[in-house]
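S.K.: Take a look and give me a structure for this.
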Amino acid sequence: MFCGSSSCAISLLPSRGRLVQRRASSDQEDEGPTFAQIDPDSEGGVGGTSEEVFGPAAVALIGFQQDEVDTFRQAMTDMEADFVKIVSCGRRQLEGSLQEALEGPAPLYEQPPLGVRRAVILSGMYSAEVLEVIGAYKDTGLTPPVWAAAVPANYTRRLADLVDDIYGDHQRMVLKEREDLQAVLLRQQDGQPAP
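M.R.: Below you'll find the predicted structure:
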C-alpha cells in the first residue's frame, strides 16, 4: 500500500510484501516515502487513513476489457462478495471524480479510451478484505494492474488525474524497492548482515 498526499497505491512486490507508504506531514520536510506493512487485522480504513472503512463497498476497474470485467465479477461472486459494486470506468467516469464513479449508478460497459492504463481502486473495505480481493484477482490469471484504495484525500479528485498519480507513486515505489534490494545484495557481497 502506498498512501501519498492524494493517492493510496498498493504494492504487490513479492520481495517486500504489501506495504503502506506515508508522506511527511506538511510541517515536516519531505524526505520521500516511508513504508509500513498493511495490518490485516486493522479495524479502520486502509493504511490508517481513517478510523473506519472509507467509501461505499465498490471497486473501480480502469482500462479493462469486457471479458476481464466479467472474469473479475465472477471472482467476486465466487468469494461471496457479489454485493460489492463493480464500476467499469469509461471516458465519462475518467473525466469525473472518484467519488462520482463509486457512488453513481454502475455504468454499462464502455471500451476504455486508447492508452488508459490498467488500475483497480478498492473502496469500503478493511485491510483483510483488500488482501482477499487482491488474492482472488491474482487467482484469475488476469494481467496485473496497479492497485489503489479510495481514501479521503483522493475521493473528490478527477479519476484520470488520480490514475496518473497512482502510476507515478507506483514507479517511485518500484524504484525504492530495487534500490533497497541492491543495497542488501551489496551488503551480502561485503559479508555484512542484511538489515
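S.K.: Check which helices and strands the helix of greatest length in the chain is in contact with.
M.R.: Taking DSSP state H as the criterion, the chain has its longest helix at helix 159-189. Judged by 3 or more CB pairs under 8 Å, 6 or more residues apart in numbering; DSSP states H and E, the packing partners of helix 159-189 are strand 2-3, strand 8-10, strand 19-22, strand 58-62, helix 91-95, helix 98-103, strand 119-123, strand 146-149. Quick note: C-beta positions are derived from backbone N, CA and C, even for glycine.
S.K.: With mean neighbour count, mean pLDDT and distance to M173 as added columns, please give these in CSV.
M.R.: What follows is the helices and strands packed on helix 159-189, written out as CSV (neighbours: other CB atoms under 10 Å; pLDDT from 0 to 100; distance: least, CB to CB, whole Å):
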stretch, mean neighbour count, mean pLDDT, distance to M173
strand 2-3, 28, 44, 5
strand 8-10, 28, 54, 7
strand 19-22, 22, 39, 7
strand 58-62, 23, 97, 18
helix 91-95, 17, 95, 23
helix 98-103, 21, 97, 20
strand 119-123, 25, 95, 14
strand 146-149, 26, 90, 10
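S.K.: so can I have CSV of these showing distance to G191?
M.R.: Below are the helices and strands packed on helix 159-189 laid out as CSV (distance: least, CB to CB, whole Å):
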stretch, distance to G191
strand 2-3, 33
strand 8-10, 35
strand 19-22, 28
strand 58-62, 47
helix 91-95, 52
helix 98-103, 49
strand 119-123, 42
strand 146-149, 37
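S.K.: so which of these gets nearest A160?
M.R.: Minimum separation from A160 across the helices and strands packed on helix 159-189 (CB to CB) falls at helix 91-95, 4.3 Å.
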